[in-house]
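In: how would this look folded up:
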Amino acid sequence: MPALASRPTRARARWRICLTYWWRHGRLPALDDPRTFTELVQARKLDGADCDMVRMADKVIAKRIVTERLGRDWIIPTLWHGTELPAVAPWPTPFVVKARHGCNQSVFVFDEHGDWASVRRRAAGWMRSAYGHWLDEPLYADIPRGLLVEPFVGAPPVLPVDYKFYVFGGCVRYVQVHLDRGGRHRWVLFDSQWRRISTANADPDPAPPQTLGTMILAAERLSDGRDFVRVDLYEIGGRPLFGEMTFYPGSGLDPFSPASLDAELGAHWLRARQASLEPLRAVA
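Out: A predicted model of the protein is given here:
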């Protein structure tokens, strides 16, 4: 009976995924034989999530994982975590309020004269809804709903550069660099040797972080050898810091430029998946 009950839900999810993918990419995804990176993200949504994926995406538990594998120096301290922000903010500014159970849910508080009531309302809204439902990202439903507060890192009000490491089968292949996140947000894609592979634009290539090699090793260690995970890091004052880990970058809806990168990243993912199956076949 449970299997029968799950079929309509999966069918609806498949329909929604196809519709949103067509809206963003102008074509339907090959969900039964995914080949591109963005198609593989959609297939992962349909496949569901295991317990380790949930733990790695949970912003509270992820810090414990990072502490165990890399050390406490990699962690941005947690000033508080809970389910309801206090009526008066007791933390020194600047700080960041985040949702534990979702992405793109954060508010930066730069001074004590900000509209704290508005911040509390936004945070309460995050707590009322399950993140990921409308884009069919199932692992977020299994993360306990919660809020956390962290000190702002970097030089406020400028948000720090975000380095996103694409790790396939335990090996970093690409680094996506996000620039001007508080303004004209854009990103550039490099390979692991810091050669730009995304389409050239008016932006000069940003210099690599001073600790690029250390960051690559850290991302690979955190990936746990999975076929794909993205590990987000910062570099503040020459010191690398952990941001988060995600399994659905951009929900697989952000186009690549050039478009050929979609297939290139997908090939790395498929090779990593194939390699993970080889030991199982040998035992069988």
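
In: contact partners of the helix or strand where residue 44 lies?
Out: Applying DSSP states H and E as the criterion places residue 44 in helix 37-47. Outside helix 37-47, the residues that touch it by C-beta atoms under 8 Å, 6 or more residues apart in numbering are 10, 13-14, 17, 21, 25, 29-31, 34, 135-138, 228, 247-256, 261-263, 265-266, 269-270. Where C-beta positions appear, they are placed from N, C-alpha and C, glycine not excepted.

In: Now do whichever helix or strand comes after that helix: distance to the chain's middle.
Out: Going down the chain from helix 37-47, the next helix or strand is helix 51-57, by DSSP H and E. Computed by C-alpha atoms, centre = their mean, to the nearest Å, the chain-centroid distance of helix 51-57 equals 12 Å.

In: in helix 51-57, what's buried?
Out: Applying a neighbour-count criterion of 16 or more other C-beta atoms under 10 Å, one finds 53-57 buried in helix 51-57.

In: Grab the most central residue of this structure for me.
Out: Residue closest to the average C-alpha location in the chain (C-alpha atoms, centre = their mean): residue 246, at 3.1 Å.

In: Look at the residue lying closest to that one once chain neighbours are set aside and give its secondary structure.
Out: Excluding its sequence neighbours, the residue lying closest to residue 246 (C-beta to C-beta, 6 or more residues apart in numbering) is residue 230, at 5.1 Å. Here residue 230 is recorded as strand under DSSP: H, G, I helix; E, B strand; the rest coil.

In: quick one, strands of the stretch 1-150 of the chain?
Out: In the stretch 1-150 of the chain, the strands defined using DSSP state E, counting those that start in this stretch lie at 80-82, 95-99, 106-109, 147-151.

In: what is the rounded mean pLDDT of the shortest one?
Out: Across strand 80-82, pLDDT averages out at 98.

In: partners of that strand in the sheet?
Out: Here strand 80-82 has these sheet partners by DSSP bridges: strand 147-151 (antiparallel).

In: After the strand it pairs with, which helix or strand is next?
Out: As assigned by DSSP H and E, the chain's next helix or strand after strand 147-151 is strand 162-168.

In: Run a quick neighbour tally on the closest residue to residue 100 other than its chain neighbours.
Out: Using C-beta to C-beta, 6+ apart and skipping the chain neighbours, the partner closest in space to residue 100 is residue 146 (3.7 Å). Residues near residue 146, counting by other C-beta atoms under 10 Å, number 18.
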